[in-house]
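Asker: quick one: sequence plus predicted model below, questions after.
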Amino acid sequence: MLSSWKKGTDCCKWNGVTCLSGDRVTSLALAGRPNNLTTTLSGTISPSLSKLQHLDGIYFQDLKFLSGPFPNFIFSLPKLLFVYIENNNLSGSIPANIGKLIQLEALSLEGNRFTGTIPSSIGDLTRLTQLKLGGNLLTGTVPLSIRRLVRNLTLLHLERNRLSGAIPDFFSGLSELRSIKLSYNKFTGKIPVSIAALTPKLGYLELAHNSLTGQIPDFLGKFHTLDTLNLSWNNFSGTVPKTFANLTKIFNLDLSHNKLVDPFPEMRVKGIESLDLSYNNFHLVSIPQWVTTSPIIYSLKLAKCGIKMKLDDWKPTETYFYDYIDLSENEITGSPVKLLNRTDYLVGFYASGNKLKFNLESLKFTKTLKYLDLSHNLVFGKVPKLFSGLTELNVSYNHLCGQLPSTKFSARAFAGNDCLCGSPLPKCKA
């Protein structure tokens, strides 16, 4: 990565170095390749970088062996505007005086191992357009001082930490916000009412994997520019607001693993890409028409949604883009053969705990399929050889019979059938 950094050569021609003011270094950008550890750097960030007084940007990304504390030399760089120290292995606390970097326009420390609380002085960084601290080990509450970042802040990403308490009700002044990501924390309470003020511009609202309660507020249905809404793995109850019919531009909707009840509103979305309503208390009876007609859907997860239909009767407008389909724990009958034979890039199909009845040998699927779960159904026939290419397989508790082909899967994948035999199950009788 630093093979071009040779003493006596023009540093402005070194890899990752940019000079926009003659021979003055104005930015450093060093990025590893996550799947190629030979391209990474190790050690700590050298304080000698403080000599680069014309630096306006530091971009150290995906350097998994880059460790040490927050680089305090940053405080001595008067022209620094952009700090992206992401997906490395830095640790320790974020300096309490981080607010002295008043010229900063972007601060991203996501994907490290920073601990402690978010300093309240961060509210002094009033020029920030992006604040990204996700993927660390931060604790405590979100400082109320963030409400002072009213002028320019477009991204607030604090996901995948250990933050707790209520989500502060301070959004009414943060009118430029396009993206809020607070998932995978320990937040409690309700969705703050002030988020309603972000209606004109908010595109991403991700609050999954917390302990939020109450009903989903009606005002979320007024976010006409919303692309992604993820409220999964919380304790939301009651019905989904009828106003959700107004979310005509939403592409990704995940309300799974809550305590939501019927009726689910009829959506007028033009083309949803990803939908997950699994594990609530819905009784949809059938797959909604607005899902069936979506021309671009790639992920459909409706596990335990009270669906009682014959799968052969479901004729989605487009199956080309499907990656994942999860219809587990419903009361679906019939056969998935026609559906799976129409998919081109399906990666996972999950339909355990239904009443599917078909000959497993009639199933033809794409080379992309890696995950197949048909357990606890009424499937019959033999296990085909082509299943050996799967990453995960579960056809247990069906009516399969005959000798198993050579397989890497454990006995658990085939348990509870009528008369399957051969490794890893007992030998077939002569």
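Answerer: Arrived safely.
Asker: what's the longest strand in the chain?
Answerer: strand 24-31 (DSSP state E).
Asker: chain center to it: distance?
Answerer: 30 Å (Cα atoms, centre = their mean, to the nearest Å).
Asker: other SSEs contacting the helix or strand following that strand?
Answerer: Counting by DSSP states H and E, the next helix or strand C-terminal to strand 24-31 is strand 42-44. The contact analysis (3 or more Cβ pairs under 8 Å, 6 or more residues apart in numbering; DSSP states H and E) places strand 42-44 against strand 65-67. C-beta: built from backbone N, CA, C; applies to glycine.
Asker: so for the strand it packs on, mean pLDDT?
Answerer: Per-residue pLDDT over strand 65-67 has a mean of 93.
Asker: helices or strands up against it?
Answerer: Checked by 3+ Cβ pairs under 8 Å, 6+ apart, strand 65-67 has strand 42-44 packed alongside it.
Asker: partner strands of the strand it packs on and their direction?
Answerer: strand 65-67 (parallel) (DSSP bridges).
Asker: and the strand it pairs with, which residues are buried?
Answerer: 66-67 (16 or more other Cβ atoms under 10 Å).
Asker: tell me which helix or strand comes right after it.
Answerer: As assigned by DSSP H and E, the chain's next helix or strand after strand 65-67 is strand 82-86.
Asker: how far is that following strand from where the chain is centred?
Answerer: On Cα atoms, centre = their mean, the centre of strand 82-86 falls 21 Å from that of its chain.
Asker: quick revisit: in the sheet, which strands lie alongside the longest strand of the chain, parallel or antiparallel?
Answerer: Strand pairing for strand 24-31, determined by DSSP bridges: strand 17-21 (antiparallel), strand 57-61 (parallel).
Asker: please indicate which of the ones you listed has the most neighbours on average?
Answerer: strand 57-61 (a mean of 19; mean count of other Cβ atoms under 10 Å).
Asker: so that strand versus strand 82-86, what angle?
Answerer: Orientation of strand 57-61 against strand 82-86 (axes from the mean of the first three to the mean of the last three Cα atoms, to 10 degrees) gives an angle of 10 degrees.
Asker: now do the end-to-end distance for stretch 277-290.
Answerer: 14 Å (Cα to Cα, to the nearest Å).
Asker: mind listing what Leu327 touches?
Answerer: If a contact means Cβ atoms under 8 Å, 6 or more residues apart in numbering, then Leu327 has 302-303, 307, 311, 350-351, 354 as its contacts.
Asker: cutoff 6 Å now
Answerer: Each residue near Leu327 by Cβ atoms under 6 Å, 6 or more residues apart in numbering is listed here: 302, 351.
Asker: any figure for the gap between it and Pro316?
Answerer: For Leu327, the distance to Pro316 equals 12 Å [Cβ to Cβ, to the nearest Å].
Asker: again, but for Leu163
Answerer: Taken as Cβ to Cβ, the span from Leu163 to Pro316 is 40 Å.
Asker: for the two, indicate the residue with more neighbours.
Answerer: Leu163 (23 against 19; other Cβ atoms under 10 Å).
Asker: and the strand or helix carrying the more buried one, how far out from the chain's middle?
Answerer: Using DSSP H and E, Leu163 sits in strand 162-166. Put simply, strand 162-166 sits 20 Å off its chain's centre (Cα atoms, centre = their mean).
Asker: and that strand, what does it pack onto?
Answerer: Using 3 or more Cβ pairs under 6 Å, 6 or more residues apart in numbering; DSSP states H and E as the contact definition, strand 162-166 packs against no other helix or strand.
Asker: quick one: contacts of it?
Answerer: For strand 162-166, the surrounding residues in contact (Cβ under 6 Å, 6+ apart) are 139, 141, 185-186, 189.
Asker: between these, which is closest to Ile287?
Answerer: Asn185 (32.6 Å; Cβ to Cβ).
Asker: and the gap between that closest one and Cys11?
Answerer: For Asn185, the distance to Cys11 - Cβ to Cβ - is 42 Å.
Asker: who has more neighbours out of those two?
Answerer: Each of Asn185 and Cys11 has its neighbours counted (other Cβ under 10 Å); Asn185 has more, 24 against 14.
Asker: once you drop chain neighbours, what's closest to the more buried one?
Answerer: Computed as Cβ to Cβ, 6 or more residues apart in numbering, the closest residue to Asn185 that is not its neighbour in sequence is Leu163, at 4.3 Å.
Asker: give me the pLDDT for the one you found.
Answerer: Confidence at Leu163, expressed as pLDDT, is 98.
Asker: please tell me how far the nearest residue to Asn359 once chain neighbours are set aside sits from Leu374.
Answerer: Of all residues not flanking Asn359 in the chain, Gly381 sits nearest, at 4.0 Å (Cβ to Cβ, 6+ apart). Distance, Gly381 to Leu374, using Cβ to Cβ: 11 Å.
Asker: more neighbours, the two?
Answerer: More neighbours surround Leu374 than the other of Gly381 and Leu374, with 26 against 16 (other Cβ under 10 Å).
Asker: please, where are all the helices along this protein?
Answerer: Taking DSSP state H as the test, the helices found in the chain are 289-292, 337-341.
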